[in-house]
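# return a 3D structure for these sequence lines:
(one chain, ligands or ions: 1)
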Amino acid sequence: MTDTLTDPQQSAPATRELDALIIGAGVAGLYQLHQLRERGLRVHAYDTATDVGGTWYWNRYPGARFDSEAYIYQYLFDEDLYKNWSWSQRFPDQPEIERWLHYIAETLDLRRDISFSTTITSAVWNEDTGRWTVTTNTGEVINTQFLITCAGMLSAPLENVFPGQSDFSGKIFHTSRWPKEDVDLDGKRVGVVGTGATGIQVIQTIAERVEELTIFVRTPQYVLPMRNPQFGPDDVTAYKDRFQELRETLPHTFSGFEYDFQYVWADLTPERRLELMEEIYDNGSLKMWLAGFIEMFFEEDVSEEVSEFVRAKMRDRLQDPELIDLLVPTDYGFGTHRVPLETRYLEVYHRDNVTAVNVRDNAIARIVPEGVQLADGTVHELDVIILATGFDAGSGALTRIDIRGREGRALADDWSREIRTTMGLMVHGYPNLLTTGAPLAPSAALCNMTTCLQQQTEWISAALDHVRETGAKVIEPTAEAEQQWVEHHDETAGANLISRTNSWYTGSNVEGKPRRVLSYTGGVGDYRERTLDVARAGYKGFDLR
Ligand code: NAP
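This is a model prediction of the structure:
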């Protein structure tokens, strides 16, 4: 990031004039494009990828699949669009999800307004014209009134993690940059770094295929077994029949899933609590996390009891004391960061071709030509290294673009000090910049993403309608409104045990990133009402000029 405020590209002639430019052609970008085009705006989307899909384009690593039930990870604005696609199982895999997003793009005829293989490199606000000048890596210069980022919550991968990566004599892949062509892992010595939701899906999928699998474990995860039945025609009819019900329910629950918290811990006897935990655990979904006991997020004793229930399940499966010590979390509470669903993940560690390496106290020091070297000098020889090392979540997708707001301020600089937004939808100092999947809104942390992204894009479309109807050209949150949201967000997050756990939820996975709970933790339904209240009050707290 440069410090200079002059941007040579700002004076370059625009190659395209737009009302709205959308960055990203994933779940949010596709719907945003559809909405604005329906309104008659000159709108165009750009994506680095060669096709639509966003997260589901990039994350094509072995084993990638939904953790949300397929029939809720859906667009709900059009009944035919919903009903003319049939899912094959409860939690389908990435190829099927990618095909579904192709179906969406084709049905809504979206590709004609998307430039693929094109990365937005900078966006500079011009206060005199009230417009953005946006440049791409292909040399396009676009002049647009509104800039809408649909760039993903988890899309900026942490790829260069260790010194020496370029010296490795084998192949290194980050999971979210997995090649389209088949990667031959058969008969190979493969190492996986990272045991988050991604690493777990990779590990359980490739263990049987590879000659040797070395898993470098630093922080273990609470895991829940997934129940993933195939859907026959009757199942498909049954979920499609629920369309209206789902449309009415999903936007209002705590996490945008079909289920919600329904029990009060204090009202239940210990026996009944256990009975209910068994019941929701057996559901084989994220219900144990997002529809069990909300007190688990706020009260340490409840958190401990629920955590111990899950630990006991894990211990039963692991048996071996060394594995239990390595793989069962003890120093943070269940659900205080993302709970992965898995299929025989823990059993992988019992296989003869699998070695678990504890890198908690003996960290990975560097990559050497032969493999992975630990702090004590041990080298694990490998042919392939898979980095399931996660993302610079929430802010990374935007700070990797040179975004300059009023008076030349740079978003990357501002957010290197403190990550702030107004409801995750706009940022003070950056007029006409509207954001989805951004910090301080509900997102992947505690939300079924399609529910949140539909709501956020719909709010944005309505805000643009309002600006145009009032004859204004520019919308920007006031400093006071932003401060109020940040305080409300922090107060809500501070009460939640999530704020005490280290993970991408708090930004602690990226060195130097200012710590703040990135996602709004007050609930999806509550957030929706708050953002709608602002709109109903004539965009209270937003300056229109
Ligand atoms: P993640 O949860 O941030 O996990 C990254 C992993 O890499 C952690 O185990 C981390 O260990 C490890 N790691 C990073 N740097 C390391 C180092 N220097 N040495 C050793 N280990 C290191 O990332 P993710 O698994 O990609 O998941 C990110 C999010 O994507 C998930 O939380 C979820 O929201 C989403 N996701 C969703 C799905 C789905 O819906 N089906 C699937 C996959 C992912 P530490 O914890 O010790 O830092």
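# please identify the residues of the stretch 201-350 of the chain in proximity to the ligand?
Residues of the stretch 201-350 of the chain found near the ligand (C-beta under 6 Å from any ligand atom) are 201, 216, 218-219, 338. To be clear about C-beta, it is placed using only N, CA and C from the backbone, and glycine gets the same treatment.
# quick one: buried ones out of the residues you listed?
Those of those that meet the buried threshold are 201, 216, 219, 338, by 16 or more other C-beta atoms under 10 Å.
# now for the worst-scoring helix or strand of the chain on mean pLDDT, which elements pack on it?
Scoring the helices and strands of the chain by mean pLDDT, DSSP states H and E places helix 287-290 at the bottom, with a mean of 95. Helix 287-290 sits against helix 270-282, with contacts defined as 3 or more C-beta pairs under 8 Å, 6 or more residues apart in numbering; DSSP states H and E.
# farthest pair in the residues of the stretch 201-350 of the chain next to the ligand?
Greatest spacing in those, by C-beta to C-beta: F216 and R338 (19.1 Å).
# returning to what we had before: report the buried residues of the least confident helix or strand of the chain.
Neighbour-count burial for helix 287-290 flags 287-290 (criterion: 16+ other C-beta under 10 Å).
# just stretch 153-167 next, same as before
153-158, 161-162.
# same question for stretch 171-187.
Within stretch 171-187, the residues scored as buried using 16+ other C-beta under 10 Å are 171-176, 178, 183, 185.
# relative to the ligand, which of those residues is nearest.
For the buried residues of stretch 171-187, the closest approach to the ligand (C-beta to the nearest ligand atom) belongs to T175, at 6.3 Å.
# retrieve the pLDDT associated with the residue of the stretch 1-150 of the chain found nearest the ligand.
Closest to the ligand within the stretch 1-150 of the chain is D67: 3.7 Å, counting by C-beta to the nearest ligand atom. Note on D67: pLDDT of 95.
# thinking again about what came up before, can you redo the buried residues of stretch 171-187 as CSV with pLDDT and distance to E278?
Converted to CSV, these look like this (pLDDT from 0 to 100; distance: C-beta to C-beta, whole Å):
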residue, pLDDT, distance to E278
K171, 98, 44
I172, 98, 42
F173, 98, 39
H174, 98, 38
T175, 98, 33
S176, 98, 35
W178, 98, 37
V183, 95, 40
L185, 97, 37
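# farthest-separated two in the residues you listed?
Using C-beta to C-beta, the buried residues of stretch 171-187 span at most 17.3 Å, a distance reached by S176 and L185.
# can you report how many residues lie near the residue of the stretch 1-150 of the chain closest to the ligand?
Neighbourhood size, D67 [other C-beta atoms under 10 Å]: 20.
# among the buried ones among the residues of the stretch 201-350 of the chain next to the ligand, which are in strands?
Judged by DSSP state E, strands contain the following of these: F216.
# nearest to R189 among the buried ones among the residues of the stretch 201-350 of the chain next to the ligand?
Using C-beta to C-beta, these come closest to R189 at F216, 13.4 Å.
# which residues touch that closest one?
191-194, 357, 359, 364, 372, 380 (C-beta atoms under 8 Å, 6 or more residues apart in numbering).
# wait, W56 sits on I104?
No. W56 is not in contact with I104 according to C-beta atoms under 8 Å; the separation is 10.9 Å.
# quick check: residues of this protein near the ligand?
Contact residues (C-beta under 6 Å from any ligand atom) of the chain with the ligand: 65-67, 154, 161, 193-199, 201, 216, 218-219, 338, 359, 364, 388-391, 444, 504, 509.
# quick one: which of the residues you listed sit in helices?
197-199, 201 (DSSP state H).
# make TSV from these and add distance to G139 and pLDDT to it.
Below are those laid out as TSV (distance: C-beta to C-beta, whole Å; pLDDT from 0 to 100):
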residue	distance to G139	pLDDT
A197	38	98
T198	34	98
G199	38	98
Q201	38	98
